[in-house]
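Chemist: when you get a sec, could you give me coordinates for this:
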Amino acid sequence: MLKEIYTAAMGMIPQQTKLEVTANNIANANTTGFKREAVFERNLIDAKQNLNNVPGDVEQDDPPTGTYIDFSGGNFYQTDNPLDMALENQNGFFVLQDEAGNSFYSKAGHFKLSTDGTIQAMDGKNLMGLSGNLSLSGEFMRNESGINNAKALNLRITENGDLFINDTPIGTVQIAGIDNPETLKKVSDNAFVAGENTEVNNLPQEEVALRQGWLENSNVDVIKEMVSMIELQRAFEAGSKVIQANNETLDKSISLGRYY
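Modeler: Residues are numbered from 1 along each chain as shown. Purely as a prediction, here's the structure:
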């Protein structure tokens, strides 16, 4: 009896993980640069052996599932915002840096100008150029409070990443080339950090293919994710009914075995 309950529970654990991952994918279907996650069950046998060796103790630190990131490209859409950029390079990533100097890699090309003229991601990380931060010099500041409207300037970014303000060169957008993106570690909806085995190199400028005024949407197919969620919910409910039925049978067996 307990074996049936255990088997059903082992089947529900990966279904729950898949439901959580699918729900997160759907929630980020419109997040710029988001890469969908998927679940695999390569650890199922090891987890089962682990649980068998520790009776009654389900080890939450060793779940029978793992996740991976699908780095396939999302659809491009035009915004006409001069600070929006989309990369056609499959292995290309924008390089961002926080105040502590930590580097991040992202496909989200939605940028803004800070009050001091620095080009930043929407979460405040600085967009890196080949020579450091990309920032407008004081001669382009229109008032003391800084630039609030990027369209007030003639900002031009070439296909190879060269940036010009009113035909004055400002710098070149740094594009990291990562041939093994599966080694990246996800830290937010659209930002990653390098893992131990991640090979990061700057893409040669002549190979960079950048679109100004465009953004790359997430690669989530909402219809497929919704169909998957319905199937997972049904499978999860089936497992719960098996546990419920066996639990009721176990209760009756215990009742019959009692002495009054």
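Chemist: in the protein, what spans have low per-residue confidence?
Modeler: Within the chain, the stretches with pLDDT under 70 are 1-12, 41-65, 137-152, 241, 243, 246-248, 250-260.
Chemist: mind giving me the domain split of it?
Modeler: 2-71+221-256, 78-216 (automatic domain parsing).
Chemist: now render those as TSV, adding mean neighbour count.
Modeler: Where you see a C-beta, it was placed from the backbone N, CA and C, and this is true even at glycine. Output for the domains of the chain, formatted as TSV (neighbours: other Cβ atoms under 10 Å):
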stretch	mean neighbour count
domain 2-71+221-256	14
domain 78-216	16
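Chemist: separation between residue 86 and residue 158?
Modeler: 14 Å (Cβ to Cβ, to the nearest Å).
Chemist: shared neighbours of these two, anything?
Modeler: Applying Cβ atoms under 8 Å, 6 or more residues apart in numbering, one finds that residue 86 and residue 158 are jointly contacted by residue 210.
Chemist: what's near enough to touch residue 190?
Modeler: Listed by Cβ under 8 Å, 6+ apart, the contact set of residue 190 reads 31, 32, 33, 34, 35, 106, 107, 108.
Chemist: distance check, the nearest residue to the third one once chain neighbours are set aside against residue 76.
Modeler: Nearest non-adjacent residue to residue 33, counting by Cβ to Cβ, 6 or more residues apart in numbering: residue 108, 3.0 Å away. Summarising the geometry, the distance separating residue 108 from residue 76, computed by Cβ to Cβ, is 13 Å.
Chemist: and the strands in the stretch 1-150 of the chain?
Modeler: Using DSSP state E, counting those that start in this stretch, the strands found in the stretch 1-150 of the chain span residues 37-40, 66-69, 76-78, 85-87, 92-97, 103-106, 111-113, 119-121, 126-129, 132-133.
Chemist: which residues touch the fifth one?
Modeler: If I follow you right, that is strand 92-97. Strand 92-97 has contacts (Cβ under 8 Å, 6+ apart) with 85, 87, 103-109, 121, 125-128, 133, 173-178, 181, 191-192, 203, 208-209.
Chemist: which residue is the nearest non-sequential neighbour of residue 201?
Modeler: Nearest non-adjacent residue to residue 201, counting by Cβ to Cβ, 6+ apart: residue 177, 5.0 Å away.
Chemist: any idea which element the one you found lies in?
Modeler: In this structure, residue 177 sits in strand 175-178 according to DSSP states H and E.
Chemist: that concludes my questions; thank you for your assistance.
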